[in-house]
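S.K.: Have a look; sequence and predicted model below, questions after that.
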Amino acid sequence: MLDSDSKKWLAGLFGDGVKFDEPMSRHTSLRVGGPAEAYVTIKRPEDLVKLINWSREKGLPCLVFGDGTNLLVKDEGINGIVITLTRAFKKIIQTSTEKDDVIVTAMAGVRMQTLCRFAVERGLEGMNFALGIPGTVGGGIMMNAGTACGSMENVIDSINVLLPTGLTKKIKRKDMVFDYRKLSWGKKKNEAGGLEGKPIILEGCFCLHPSDPQRLKKEAKAILKLRKKTQPAGSPTAGCFFKNPSAGKTAGELIELAGLKGEQKGGAKVSCKHANFIINTGKASTADILALMELVQERVLKIFSIDLKAEVKVVGT
Ligand SMILES: Cc1cc2nc3c(=O)[nH]c(=O)nc-3n(C[C@H](O)[C@H](O)[C@H](O)COP(=O)(O)OP(=O)(O)OC[C@H]3O[C@@H](n4cnc5c(N)ncnc54)[C@H](O)[C@@H]3O)c2cc1C
């Protein structure tokens, strides 16, 4: 719980960059979610370090938000401080060229689509798998975002993080533990220097390769066209709601075969276009979405004995 002194401190440092009791429905692609006690837009990178040091001393929880495209925030909201880096952390540069490798460094708040365009325009191969994936570089790395064509783990060379201690650290690819739609600071964390707590990704360095810009552009066009054809556009969603099982049918196929297309709970609905998308038809609450999620899981478990796991992360109190 933020006391009045804490609110004063935050307002003093961030001015109009801090909002109290900010509805998270304004910041999630599903357009649901109760209020965050404080929602802080970092305007200068150095302020992030001040905030992390202060919140650690105060024992206040912090949660970094990217674009909220993979987050389901509970109706009760979020205790503590939600931080967004999309304003201050948005530089992207080509940092070095070694033989056939080109390193592109993108800060955590850069949109994935900006990074994809940056690469295509310079004739750099490697990022096209991410075309059409919304969100930020920070969120994309944390989620190991990807498609059947590849994922972040295939292109990451290293990342720079801010540790909960307030110190920064470079972590090489070999010390990162990527999984399906997940980066964890797992077993190797001690080898990487004791990453206790949750590091904040400040920037990612991507290893790309020079290629034919015309070919990349043509490929990009085809990928975007296919996404448009197969995915619901225009409605609030968080993309694929469930992870695909490791073998056999995809989550979408299982949900469709279970006869759940168009199934509804309150304002939440299983998309008729792509069964692994849950859409907010307009007035859904997070409770509606969670109820629909459980219904889908129960039905798929009953029919196929497969326990679908949510890809979307549920956060909040
Ligand atoms: C229409 C649609 C289509 C989608 N298609 C795909 C797809 O094809 N493939 C796919 O993989 N995903 C897809 N997604 C899901 C989502 O876009 C990705 O997971 C995306 O990478 C999330 O990025 P974000 O910035 O929105 O992260 P958020 O949803 O804001 O956050 C995700 C997680 O990352 C953490 N995080 C964010 N930034 C940082 C940081 N700087 N440091 C530390 N932690 C951080 C958050 O705390 C949270 O745990 C889709 C979503 C939508 C709405």
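M.R.: Received, thanks.
S.K.: Quick check, pLDDT for the nearest residue to Ala88 once chain neighbours are set aside.
M.R.: Sequence neighbours aside, Ile42 is the residue nearest to Ala88 in space, at 4.6 Å (criterion: Cβ to Cβ, 6 or more residues apart in numbering). Glycine gets a C-beta too; all of them are placed from N, C-alpha and C. In the predicted model, Ile42 carries a pLDDT score of 98.
S.K.: residues near Ile42, how many?
M.R.: 22 (other Cβ atoms under 10 Å).
S.K.: just checking, it touches Lys90?
M.R.: No - using Cβ atoms under 8 Å, Ile42 is not in contact with Lys90; the gap is 10.8 Å.
S.K.: Now do the domain split for the protein, please.
M.R.: The chain breaks down by automatic domain parsing into domains covering 4-84, 92-230, 251-315.
S.K.: Run the chain-centre distance for the last one.
M.R.: Read it as domain 251-315. Here domain 251-315 is found 20 Å from its chain centre; the criterion is Cα atoms, centre = their mean, to the nearest Å.
S.K.: So that it lines up with my notes, have the first residue be 20 from now on.
M.R.: New numbering, starting at 20: the last item is domain 270-334.
S.K.: average pLDDT for that domain?
M.R.: For domain 270-334, the per-residue pLDDT averages 97.
S.K.: ok so, going back, the domains of the chain into JSON lines, with extra columns for distance to Phe260?
M.R.: As requested, the domains of the chain are arranged in JSON lines below (distance: least, Cβ to Cβ, whole Å):
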{"stretch": "domain 23-103", "distance to Phe260": "9"}
{"stretch": "domain 111-249", "distance to Phe260": "12"}
{"stretch": "domain 270-334", "distance to Phe260": "5"}
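S.K.: Run through the residues that contact the closest residue to the ligand within the stretch 170-319 of the chain.
M.R.: Proximity of the stretch 170-319 of the chain to the ligand (Cβ to the nearest ligand atom) peaks at Gly258, 2.3 Å away. If you count contacts by Cβ atoms under 8 Å, 6 or more residues apart in numbering, Gly258 has them with Ser48, Thr88, Asn89, Ile152, Pro153, Gln250, Phe296, Glu330, Val331.
S.K.: pLDDT at Gly216, what is it?
M.R.: Per the predicted model, pLDDT is 62 at Gly216.
S.K.: And stretch 286-296, what's buried?
M.R.: Using 16 or more other Cβ atoms under 10 Å as the test for burial, stretch 286-296 gives Gly286, Ala287, Lys288, Val289, Ser290, His293, Ala294, Asn295, Phe296.
S.K.: State the mean pLDDT of whichever strand or helix holds Gly31.
M.R.: Assigned by DSSP states H and E, Gly31 falls within helix 23-33. Mean pLDDT, helix 23-33: 97.
S.K.: Save the domains of the chain as a markdown table, and put in distance to the ligand too.
M.R.: Output for those, formatted as a markdown table (distance: least, Cβ to the nearest ligand atom, whole Å):
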| stretch | distance to the ligand |
| --- | --- |
| domain 23-103 | 2 |
| domain 111-249 | 2 |
| domain 270-334 | 5 |
